[in-house]
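Enquirer: sequence plus the predicted model coming up.
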Amino acid sequence: MILHILLLFSIYVVLCFGSSCKPSDCNHAGECIGSNPTCKCFSNKYFIGNKCQQMVDNCQPNPCKGGPCKTLVGGYSCTANFNVVKEWYIHSNLYGNYGEEQKMILAFKELDDWNRAIEITTDNYFIDGFEANPSNNDKYFKYSSDLMSIAEGLGLHHTDKFPFNSGYYHITQANFWIIGKRDVDIIISVNDEEYFFYRTLEFYVLQPEEISCIPDVTFPHCMDPYDPIFLDIKRFNIFEPEILETCGKDAAYTFRWWTFDSTETILLHFFGRTNETRLRVPPYRLWFGSHFEITMGYVVRFEFRSSVEDSCVARVARCYFKVYPEPISGKIAGGEEREVGVRQTFRLDGSKSRDFALAPNVEQKMIFRWDCSSDDDPTNSYCQDNIGTKNPKNPYPYFHPIKKKTVENIAKT
């Protein structure tokens, strides 16, 4: 098993955003430059017109091989012959301010019996990822007969362009820390990569007028979530982002570090503050178990707060890496085979088993299961799988069998 891990470096900023020319002046669909009443709108591949009021017709020419086509914001939908996955759609605002949370809604017209692995990423940001199937769809999706109202409640615009208004939806959010166009890739893998569905959503990150300087930070070798570095959890690991540009020599700096899962939704550990842009992680500290889907990893977040007079400026960079988990060794005291009498009661002890991903001096918290098989009597009702300690809340490493009809019993973890 390979664990994908993400190191997140952030420079956090507290500012009051505002601008003389607002996105609403350009239909929330184009970049607005200048100040009222002389705002100028710059269109993109989604909307055109002097106020970005007209949506681009992506069905001309028809890309659906002559079949029905519906224009979407930045794309199209072929509304016939959905043999694998029914209609699906992702919707977000087209523009947003630097560092502010941006909502997105992923919707399916129907949820069928297919298994789906869904990833939402940029070239340096793993926004969301999960595996959905008929047994856990309700964990990730909710149904609504009014998807437009759901999207409007999230503060999204152009909801009248939805291709359908009833269906199943999943909400995600992202914070973008690089000015300019960001390509958000949505990848849906169906039935263990039997089919792929792919779409790129262009999102434009704006720099408010109040922010005069944004630091430039990078991790040279591990910013791509699909090209992580490899680490050994048994050794000290050092994370050191490269700060390319600051906001002046008079700025005051503070640094803090956290660990999250790689989609940055679960806080796992707070490393505390450092006096430098360098984190030295001791052995075994980067192991938190392997109970995550798809990415099965973590993110270490570094916060670099740069303060100048009454303002602070933030920047986030991410470093993705993998660790190989160490093996779990099951050990039975006295050996894995022994002979006992027909009416003899005996005890097997597995307390010396070890998870080598944990430091040698920490408590080994493992769950034990004992299985018994008979070499000479397959119909033996006393020797069966999953026997031993019966209370699942107290999985002790001991096995207390009752009288056996067999001479040889083999128990294993």
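Expert: Sure thing, it's come through.
Enquirer: quick one, helices of this structure?
Expert: Counting by DSSP state H, the chain has these helices, from start to end: 137-140, 147-153.
Enquirer: in PDB, could you pull the C-alpha coordinates for the last one?
Expert: Looking back up the chat, that one is helix 147-153. Only the C-alpha atoms of helix 147-153 are listed here, as PDB (Å, rounded to 0.1, in the frame of the first residue of the first chain):
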ATOM      1  CA  LEU A 147     -30.500  22.000  -7.700                       C
ATOM      2  CA  MET A 148     -30.600  25.600  -8.700                       C
ATOM      3  CA  SER A 149     -31.800  26.700  -5.300                       C
ATOM      4  CA  ILE A 150     -29.000  24.600  -3.700                       C
ATOM      5  CA  ALA A 151     -26.400  26.400  -5.900                       C
ATOM      6  CA  GLU A 152     -27.800  29.800  -5.300                       C
ATOM      7  CA  GLY A 153     -27.700  29.200  -1.500                       C
END
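Enquirer: how about it: buried residues?
Expert: Neighbour-count burial for helix 147-153 flags 147-148, 150-151 (criterion: 16 or more other CB atoms under 10 Å). Where C-beta positions appear, they are placed from N, C-alpha and C, glycine not excepted.
Enquirer: could you do the shortest one as well?
Expert: Going by neighbour count (16+ other CB under 10 Å), the buried part of helix 137-140 is 137, 140.
Enquirer: so which elements touch it?
Expert: strand 125-132 (3 or more CB pairs under 8 Å, 6 or more residues apart in numbering; DSSP states H and E).
Enquirer: what lines up beside the strand it packs on in the sheet?
Expert: strand 116-122 (antiparallel) (DSSP bridges).
Enquirer: hang on, the earlier thing: what's the closest of the buried residues of helix 147-153 to residue 329?
Expert: Residue 329 lies nearest to residue 150 out of the buried residues of helix 147-153, by CB to CB, at 49.5 Å.
Enquirer: contacting residues for the nearest residue to residue 144 once chain neighbours are set aside?
Expert: The spatial neighbour of residue 144 that comes closest, neighbours along the chain excluded (CB to CB, 6 or more residues apart in numbering), is residue 150 at 5.3 Å. Contact analysis of residue 150 by CB atoms under 8 Å, 6 or more residues apart in numbering lists 105, 144, 169.
Enquirer: what is the nearest of those to residue 236?
Expert: With CB to CB as the yardstick, the closest approach to residue 236 among the contacts of residue 150 comes from residue 105, at 42.5 Å.
Enquirer: pretty sure the closest one sits against residue 92.
Expert: Yes. At 7.4 Å, residue 105 and residue 92 qualify as touching, with contact defined as CB atoms under 8 Å.
Enquirer: higher neighbour count, those two?
Expert: Between residue 105 and residue 92, residue 92 has the larger neighbour count (other CB atoms under 10 Å), namely 24 against 19.
Enquirer: list the contacts of that one.
Expert: Residue 92 touches 102-105, 156, 184, 201, 203, counting by CB under 8 Å, 6+ apart.
Enquirer: now do stretch 226-243, average pLDDT.
Expert: For stretch 226-243, the mean pLDDT works out to 88.
Enquirer: what lies in contact with it?
Expert: 4-7, 9, 121, 215-222, 277-287, 300, 302, 304, 317, 319-326, 357.
Enquirer: as a markdown table, the helices of the chain with mean pLDDT and distance to residue 192 would be great.
Expert: Listed next are the helices of the chain as a markdown table, based on pLDDT from 0 to 100; distance: least, CB to CB, whole Å:
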| stretch | mean pLDDT | distance to residue 192 |
| --- | --- | --- |
| helix 137-140 | 94 | 17 |
| helix 147-153 | 94 | 29 |
